[in-house]
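**Q** sharing a model that was predicted from the sequence below.
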2 protein chains.
Amino acid sequence: MTSTIRDTIDRLFDRIGALSEAGPGYTRPSYGALESRAHAVVADHAATLGLTVTRDAALNLFARLPGADRDAPPLHVGSHLDTVANGGAYDGVAGVVGAVALAADLVARGVRLPCDLVVTVTRAEESVWFPVSYVGSRAALGRLGADDLRARRSDSGRTLAEHLREEGGDPDAILRGPGLAPARFVEMHIEQGPVLDAAGEAFAVVDAVRGGLRYRDARIQGVWAHSGGAPRELRSDAVFGLADLVTAMDRGWARSLAEGGDLAVTFGRVDAATPEHAFAKVPGRLDFCVDLRSVDDGVLESTDALLRAEIAAIERARGLRFDLGPQSRSRPARMSPALVAALVGAARERGVSPRILASGGGHDAAAFALAGWDAAMIFLRNQNGSHNPDEAMDLGDLAEAVAVLAAAIPGIAATPRSAA
Amino acid sequence: MTSTIRDTIDRLFDRIGALSEAGPGYTRPSYGALESRAHAVVADHAATLGLTVTRDAALNLFARLPGADRDAPPLHVGSHLDTVANGGAYDGVAGVVGAVALAADLVARGVRLPCDLVVTVTRAEESVWFPVSYVGSRAALGRLGADDLRARRSDSGRTLAEHLREEGGDPDAILRGPGLAPARFVEMHIEQGPVLDAAGEAFAVVDAVRGGLRYRDARIQGVWAHSGGAPRELRSDAVFGLADLVTAMDRGWARSLAEGGDLAVTFGRVDAATPEHAFAKVPGRLDFCVDLRSVDDGVLESTDALLRAEIAAIERARGLRFDLGPQSRSRPARMSPALVAALVGAARERGVSPRILASGGGHDAAAFALAGWDAAMIFLRNQNGSHNPDEAMDLGDLAEAVAVLAAAIPGIAATPRSAA
């Protein structure tokens, strides 16, 4: 790799890392002024490289390096710059910084690409601010609706349209579309998981982004009783009901993996700790959420069916009532096999044989893939997970991934665009 | 039963029910002014019946009706008048009102008892205010220690000694003892459970008060991770660990009952709902409490051993770390078989064959039994559990229990005092 790659990475992390609300960690709300300033840092740097910088109505940033064939479908490379509250330095930023470093390297080496390279910096990828997934990329793709624009930001209570306008965007133009024509999108991103760090591998290639099926506000209604006085057969204990459900879903999860299915089951929040709960009371209520993820919509469906069947059995056995509340879904997204192959091939030429992983978290790449683009991701080894101030990553791993992507571009540009 | 019993019950519930902090429900803190005023209501009424009213250094109230043999061990009948915060009208109060009604009935009918009857109103039975069990009765029995007097009240932060002095008590005198000589104690109390209401029975006789073995501040330490990104085999999920433990203890509980043991297992509080928990995160921490109750100390010991063995297995299987925190215990207390037999016999003579139950909750009667007294309890049918504003009870059930107790007194007085 060239020193340009590493220099660009170092410089941009410094400048973007200076932009945050008070700590700990990093806070750049979606469609906030700090996100806009981070975009300006990238626009600035891209302009000094001679790239043509434009923004769309949703304020997504595009910095274009012309290729030999201006009519060929361009290659977009990028990620996002907003963060969750008290997030880390790398989630999103790594992919943007890597994209700029890639462009800088190509410019420095005078490489003429077969197609345009478009450094692409989306807005509002983190759905904690607005309860809408992939706001910026879906807007760029002409897939954001009027309902989405009415969503309110969790901190301000004001709508997406208002915040967007305040930063200079144009909600009406977003709705008019038509959005970008299908092309290719590659995103570098921290893995957010322990696999690469545990395996001692710098990066991996992602072949699918898991979809999710979630109940965020589920409740078990039991009967409050005295912990000493209520006999076993007269109890309707909400905690025992949850334990039954978790162990049943644990068995179902193991079975699904044994059958070759892809699945993750998480009960991330369990609340039997209100002021009404006490050590000497049989708990009469419990709130929980459950998050099912898979690259396979069929597995999500069958696991949801299992969940409901187990609940019905537990209700009968324990005299409990479950209310799962609203279901929310995100569709699994398959990455382009041709792009995955091109990335793996380029890595192998550099002497590395990267593993192929599914992404558990949602990413802009999924929004592009679901809109018919050929998409792929490179996952970067990281420590301490993501969405917290302790996010960690070796900048050398990112530099290596950028070099692999640079080497892969001719192969990527040569793949025929798949049918949408 | 006589109209005196019912009239006394009605009048005293009215007067005591008027004494509470703001609702909902009833709030009379232990060693608070409202508890003192409720005691004064009873003292007042007892005096009009001609009973001799005294208070000890801990402000327990004794209203004595002389019997034929003033040297015979007296029969104490009573309960307490403090409540939990936002408690109900009946927990404690029913037993006090019933005791006064019993005395009123005996006075009205001119019955000369073989021994003294002592209406006994304890202080501070509810351990939510001071983290000390049976404060008043243990003080009366010479079993309260200097450490107990330094316990701080949950609302005020001030010590038991300070609150006691403020209401007119004498902490130093409590420590000097020696406490009441062993005699007999009978307590009427709402069941606090669903058994009698479900069975359609007005009252039952209690033959044991369960002891407890508790971990109120237990914690499971796992590893936070991304719900989509962390593979099954690399997870240390605190919620799955809890589910394993609850289902294992559920099986152990069923086994213990099948073998004829007495046991109740409750996880009354489960907290995986801090700001750190989220639907998209594998929970890295969970706080819980567990409450084991039994009339048999051996069952408590073996269930505690089971709990620890299951935890060790779960720690190994899931890479979790459990910290049970401090253990707190209360000893099971056996009621006097002779007193139980006398109460059952008197009920049968009135055409009712009451069931014999263990009490799951702790009561003053347990403190007396553990101090070597012959003790027994009558449980009263109630609805909606206890320690909440919706506590409900039919006053007619209490009147019937008082009549049974009145009829049982000659039999009780005739039983030889058991060896302490």
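**A** Done, it's in.
**Q** which residues of the stretch 151-300 of chain A fall in helices?
**A** Taking DSSP state H, counting those that start in this stretch, the helices of the stretch 151-300 of chain A run over residues A:160-166, A:171-176, A:195-199, A:238-258, A:297-318.
**Q** in terms of secondary structure, what does the shortest one contact?
**A** Which is helix A:195-199. strand A:203-209 (3 or more CB pairs under 8 Å, 6 or more residues apart in numbering or on different chains; DSSP states H and E). In this view, the C-beta of every residue, glycine as well, is placed from N, C-alpha and C.
**Q** mind listing the strands the strand it packs on pairs with, and their directions?
**A** Its sheet considered, strand A:203-209 pairs with strand A:333-334 (antiparallel), strand A:356-359 (parallel), strand A:374-380 (antiparallel) by DSSP bridges.
**Q** and the shortest one, how far from the chain's centre?
**A** If I follow you right, that is strand A:333-334. 13 Å (CA atoms, centre = their mean, to the nearest Å).
**Q** try stretch A:340-359
**A** With CA atoms, centre = their mean as the basis, stretch A:340-359 stands 21 Å off its chain's centre.
**Q** show me which residues of it are buried.
**A** A:340-344, A:346-347, A:354, A:357-359 (16 or more other CB atoms under 10 Å in any protein chain shown).
**Q** closest to residue A:303 among those residues?
**A** residue A:358 (15.4 Å; CB to CB).
**Q** what about the buried residues of stretch A:340-359, which are in strands?
**A** A:357-359 (DSSP state E).
**Q** residues contacting the residue lying farthest from the centre of chain A?
**A** Computed with CA atoms, centre = their mean, the residue of chain A farthest from its C-alpha average is residue A:229, at 48.9 Å. By CB atoms under 8 Å, 6 or more residues apart in numbering or on different chains, residue A:229 lies in contact with B:191-195, B:359-361.
**Q** swap in 6 Å and give it another go.
**A** B:192-193, B:360-361 (CB atoms under 6 Å, 6 or more residues apart in numbering or on different chains).
**Q** ranges for the helices of the stretch 1-150 of chain A?
**A** Ranges of helices in the stretch 1-150 of chain A, per DSSP H, counting those that start in this stretch, are A:3-17, A:33-48, A:93-109, A:135-140, A:146-149.
**Q** for the closest residue to chain B within the stretch 201-350 of chain A, give me phi and psi.
**A** Residue nearest to chain B within the stretch 201-350 of chain A: residue A:228 (2.3 Å; CB to the nearest CB). Taking degrees, to the nearest 10, you get phi -90, psi -30 for the backbone angles of residue A:228.
**Q** my guess is it contacts residue B:360, does it?
**A** Yes. Contact between residue A:228 and residue B:360 holds when scored by CB atoms under 6 Å: they sit 2.3 Å apart.
**Q** so what's the residue count around the spatially closest residue to residue A:12 that is not a sequence neighbour?
**A** Using CB to CB, 6 or more residues apart in numbering or on different chains and skipping the chain neighbours, the partner closest in space to residue A:12 is residue A:97 (4.4 Å). Residue A:97: 27 surrounding residues under other CB atoms under 10 Å in any protein chain shown.
**Q** likewise for residue A:271?
**A** 18.
**Q** who's it bridged to?
**A** On the basis of DSSP bridges, residue A:271 is bridged to residue A:287, residue B:271.
**Q** save the helices of the stretch 1-150 of chain A as a markdown table, and put in distance to residue A:311 and mean pLDDT too.
**A** A markdown table is the format used below for these (distance: least, CB to CB, whole Å; pLDDT from 0 to 100):
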| stretch | distance to residue A:311 | mean pLDDT |
| --- | --- | --- |
| helix A:3-17 | 45 | 97 |
| helix A:33-48 | 41 | 98 |
| helix A:93-109 | 39 | 98 |
| helix A:135-140 | 33 | 98 |
| helix A:146-149 | 30 | 96 |
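**Q** most tightly packed of these?
**A** Mean neighbour count (mean count of other CB atoms under 10 Å in any protein chain shown) peaks for helix A:135-140 among the helices of the stretch 1-150 of chain A, with a mean of 29.
**Q** now do the contacts for the closest residue to chain B within the stretch 251-400 of chain A.
**A** Nearest to chain B in the stretch 251-400 of chain A, going by CB to the nearest CB, is residue A:360, at a distance of 2.3 Å. Residue A:360 is in contact with A:210, A:293, B:226, B:228-229, counting by CB under 6 Å, 6+ apart.
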